[in-house]
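> What follows is a predicted structure for the sequence shown.
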Amino acid sequence: MSITQTKDKLAEAISIHERLSQEIENNTLISTLNDEEWANYLRTLGHDTAKLIQSSRLLDNDNLITMLQNKQKRLKRHKAWKKRSKKKQKRQQILTEKQSKQWVKEMEWQVTMARPIERSENKEEKETKAKIKQLTKKLNKLTLLRKLRRKKLESQGHFFAEDGNDFFNKIKEWHEQQQQQQEEKDMVGPAKELVVDKQDAWKDEGEIDQNAYKFWCESNQSLDALLRIRKHWDKYIMKNEMDERDSTGKIPPTFVTPSPPANWIWASCLL
């Protein structure tokens, strides 16, 4: 049962109780009633009394009273929350209006100041572009002047150190290719008859393995093979009386391939 229904029941019971009290206290009317009116009066009085008793029994319930009290507390809490919510909404609305006004002011200020700022930025950008264009022209002229001076110096035989690496790398690569081609030519050249020294023989007087003899005694077959082997291996030969740190003089000067020239004009004659 809701609080409203309980209030209606209670108001109805109070009204019946007051009416019955007035009718019972008013004895003058009872004495004037005839039999039929008396019967109707008793019937109405009994009906109202039964209704009052029923309402009193219905309302006289501890569980109902506890439930109504809990509902009343919930209503009070809801009312207090609603009041707080309205205050919060009002504060939020005031804050929103304040922020909107501030935003409008800022936008007006930005629109007002946008044109001068844009003009100053355009002016700075134009000045920067003009400066870059001027410096670019100057750089192109300096680059052209530098190129002409380098050509003039190169024609006079001047050597530029910064260009030396690429040039000498080309010379070195050419020498390596020539050397490799020569080695391949020596190795792939026409097969010569294997010369076996008379003193070279197995102890058991067996037949010599020609492939092994050709590999280990290759320097005895030709001067080119001897020079090639000496160039490859003489740097590892050290005499007992020589200092191990001294690596010079291990190869005769006539066996050493000359180094690339130090001047680009002389080196160009090799290409």
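It's in. These figures come from a predicted structure and were not determined experimentally. Residues are numbered from 1 along each chain as shown.
> switch to C-alpha atoms for all contacts and neighbour counts from now on
Fine.
> Now do the phi/psi pair for Cys217.
The phi and psi values for Cys217, taken as degrees, to the nearest 10, are phi -120, psi 40.
> Correction: the previous question concerned Ile208.
Per degrees, to the nearest 10, the backbone of Ile208 is at phi -70, psi 140.
> Now do it: how many residues are near it, please.
For Ile208, the count of nearby residues is 12 (other C-alpha atoms under 10 Å).
> In contact with it: list those residues for me.
Ala201, Trp202 (C-alpha atoms under 8 Å, 6 or more residues apart in numbering).
> Tell me the confidence at it?
Here, the pLDDT recorded for Ile208 equals 79.
> Could you do Gln181 as well?
Here, the pLDDT recorded for Gln181 equals 82.
> what about it, which helix or strand?
helix 164-188 (DSSP states H and E).
> Ok, Val195 next?
Here Val195 is assigned to no helix or strand, by DSSP H and E.
> Could you do Gln72 as well?
Going by DSSP H and E, Gln72 is in helix 62-155.
> So which elements touch that helix?
With contacts defined as 3 or more C-alpha pairs under 8 Å, 6 or more residues apart in numbering; DSSP states H and E, the packing partners of helix 62-155 are helix 3-25.
> mean confidence score for the helix it packs on?
Helix 3-25 shows a mean pLDDT of 69 in the predicted model.
> so where's the stretch 51-200 of the chain uncertain?
Within the stretch 51-200 of the chain, the ranges that satisfy pLDDT under 70 run 57-62, 159-168, 186-192.
> Could you tell me how many residues sit around Ile171?
19.
> if I look at it, how far off is Gln177?
Using C-alpha to C-alpha, to the nearest Å, Ile171 is found at 10 Å from Gln177.
> do the same with Lys133
Here Lys133 is placed at a distance of 49 Å from Gln177 (C-alpha to C-alpha).
> now do Lys83
Using C-alpha to C-alpha, Lys83 is found at 99 Å from Gln177.
> cool, and Ser219?
Distance from Ser219 to Gln177, by C-alpha to C-alpha: 23 Å.
> what helix or strand does Ile229 sit in?
helix 223-233.
> average pLDDT across that helix?
Rounded mean pLDDT across helix 223-233 is 82.
> Now do the buried residues in that helix.
The neighbour-count check on helix 223-233 (16 or more other C-alpha atoms under 10 Å) flags Ala225, Arg230, Lys231 as buried.
> wait, which of those is closest to Lys147?
Lys231 (43.1 Å; C-alpha to C-alpha).
> Leu20 and Lys98: what is the separation?
65 Å.
> And the two? Which one has more around it.
It is Leu20, of Leu20 and Lys98, that has more neighbours when counted by other C-alpha under 10 Å, with 17 against 12.
> Next, find the distance separating the more buried one from Thr44.
To Thr44, Leu20 is 10 Å away according to C-alpha to C-alpha.
> Could you list the alpha-carbon positions for the strand or helix carrying Asn211 in CSV?
Assigned by DSSP H and E, Asn211 belongs to helix 210-216. Presented in CSV, the C-alpha positions along helix 210-216 are these (Å, rounded to 0.1, in the frame of the first residue of the first chain):
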residue,chain,number,x,y,z
GLN,A,210,103.5,-35.1,-61.3
ASN,A,211,100.5,-33.0,-59.9
ALA,A,212,102.0,-32.8,-56.5
TYR,A,213,105.5,-32.0,-57.9
LYS,A,214,104.0,-29.3,-60.1
PHE,A,215,102.2,-27.6,-57.2
TRP,A,216,105.1,-27.7,-54.7
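> So that it lines up with my notes, have the first residue be 843 from now on.
New numbering, starting at 843: the last item is helix 1052-1058.
> For that helix, give me every contacting residue.
With C-alpha under 8 Å, 6+ apart, helix 1052-1058 has contacts from Leu1036.
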